[in-house]
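In: I need the structure of the sequence given here:
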Amino acid sequence: MISTKSHRVFLFWLLSAVFVVTVAPATLGQDSNQTTQTKPESRHDDEINLDAQLYLILATNRDVDEGSMPLPAGPILKQLRESLAFKHYGLAATLVNRVRNGGHLDLSWVGGPFLVPSAPMTNNPSFSQFMAGVKLVPDEAGREIVRLNDFRFGTRVPIVTGPAGPTVASTAGAALPVISYEQIGLRTDISIHEGAPVIAGTLNMGPSGDALIVVIAARRAN
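Out: Below you'll find the predicted structure:
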């Protein structure tokens, strides 16, 4: 009885060893293939660069020269005229910056005045900042979209807060108005289709009655 039982135990362990030797290489080979297939794809995604395009459009009821809109932002102008009651739309700034897929873009700059002053001496600059995390992701249909995480745009614009009057800094008796800077901006998370500009937000610019429209687009870099 003891000999028969020992023989059965030995046979069980022998069959178990054969099973492990046969199945384990196939399993390891499958895991190895999955690893080699996944890593290059991930590395490829990280190497993709995107061009983020920011358009700042000034909407006003004052008589100003609209100028021409860049081709990508052209369809936006029709949408603005249908939804906002402003007479004129002028391009205040265009910025194009490159960022790696999955990276973060942070940009600050000094720009011209958004106000159309009555005197040249009121041409104070504006100070702006734009930042966002940019990543390509699939939508519900499997198509790639560009996700802008923690999209932020802010600018400090000069506002006339007092009438013009003579000051120590006046030149040849010229009068300078009282100027103060006001902070305006927006913060949001949005997803956009690649290459299609969208309106990220509209910002009121105070007593002048003007508005600043923030338009964003992104596409793969060439």
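In: CA atoms for contacts and neighbours, from now on please.
Out: Fine.
In: give me phi/psi at residue 80?
Out: The phi/psi pair for residue 80 (degrees, to the nearest 10) reads phi -70, psi -40.
In: residues near it, how many?
Out: For residue 80, the neighbour count with other C-alpha atoms under 10 Å is 15.
In: can you list the domains in this structure?
Out: 1-47, 48-220 (automatic domain parsing).
In: can you name the element that comes right after the lowest-mean-pLDDT helix or strand in the chain?
Out: Least confident helix or strand of the chain, by mean pLDDT, DSSP states H and E, is helix 2-46 with a mean of 50. Using DSSP states H and E, the next helix or strand after helix 2-46 towards the C-terminus is strand 49-60.
In: contacts for that following strand, please.
Out: For strand 49-60, contacts defined as C-alpha atoms under 8 Å, 6 or more residues apart in numbering pick out 73, 86-101, 114, 209-221.
In: what angle do the host helix or strand of residue 75 and strand 49-60 make?
Out: Taking DSSP H and E as the criterion, residue 75 maps to helix 74-83. With axes from the mean of the first three to the mean of the last three C-alpha atoms, to 10 degrees defining the directions, helix 74-83 sits at 40 degrees from strand 49-60.
In: tell me the helix or strand right after helix 74-83.
Out: Scanning onward from helix 74-83 (DSSP H and E), the first element met is strand 88-100.
In: hey, C-alpha coordinates of that next one in CSV?
Out: Only the C-alpha atoms of strand 88-100 are listed here, as CSV (Å, rounded to 0.1, in the frame of the first residue of the first chain):
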residue,chain,number,x,y,z
HIS,A,88,-16.7,95.2,-35.1
TYR,A,89,-14.2,92.4,-34.5
GLY,A,90,-10.5,92.9,-34.7
LEU,A,91,-7.6,90.5,-34.2
ALA,A,92,-5.6,91.7,-31.2
ALA,A,93,-3.0,88.9,-31.1
THR,A,94,-2.0,85.5,-32.6
LEU,A,95,0.3,83.1,-30.9
VAL,A,96,1.6,79.7,-32.0
ASN,A,97,3.6,77.6,-29.6
ARG,A,98,4.8,74.0,-29.8
VAL,A,99,4.3,71.5,-26.9
ARG,A,100,4.9,67.7,-26.5
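In: now the angle between strand 49-60 and that strand, please.
Out: 160 degrees.
In: check which element follows strand 88-100 along the chain.
Out: Strand 88-100 is succeeded, C-terminally, by strand 104-111 (DSSP H and E).
In: next, the buried residues of that following strand.
Out: Using 16 or more other C-alpha atoms under 10 Å as the test for burial, strand 104-111 gives 104-105.
In: can you name every helix or strand that whichever helix or strand comes after that strand contacts?
Out: The element immediately downstream of strand 104-111 (helix or strand, assigned by DSSP H and E) is strand 126-138. For strand 126-138, the packing partners by 3 or more C-alpha pairs under 8 Å, 6 or more residues apart in numbering; DSSP states H and E come out as strand 104-111, strand 144-165.
In: which among these is found nearest to residue 78?
Out: strand 144-165 (23.1 Å; C-alpha to C-alpha).
In: list the neighbouring strands of that closest one plus their orientation.
Out: strand 126-138 (antiparallel), strand 176-193 (antiparallel) (DSSP bridges).
In: can you put these in JSON lines and add mean neighbour count?
Out: Listed next are the strands paired with strand 144-165 as JSON lines, based on neighbours: other C-alpha atoms under 10 Å:
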{"stretch": "strand 126-138", "mean neighbour count": "19"}
{"stretch": "strand 176-193", "mean neighbour count": "15"}
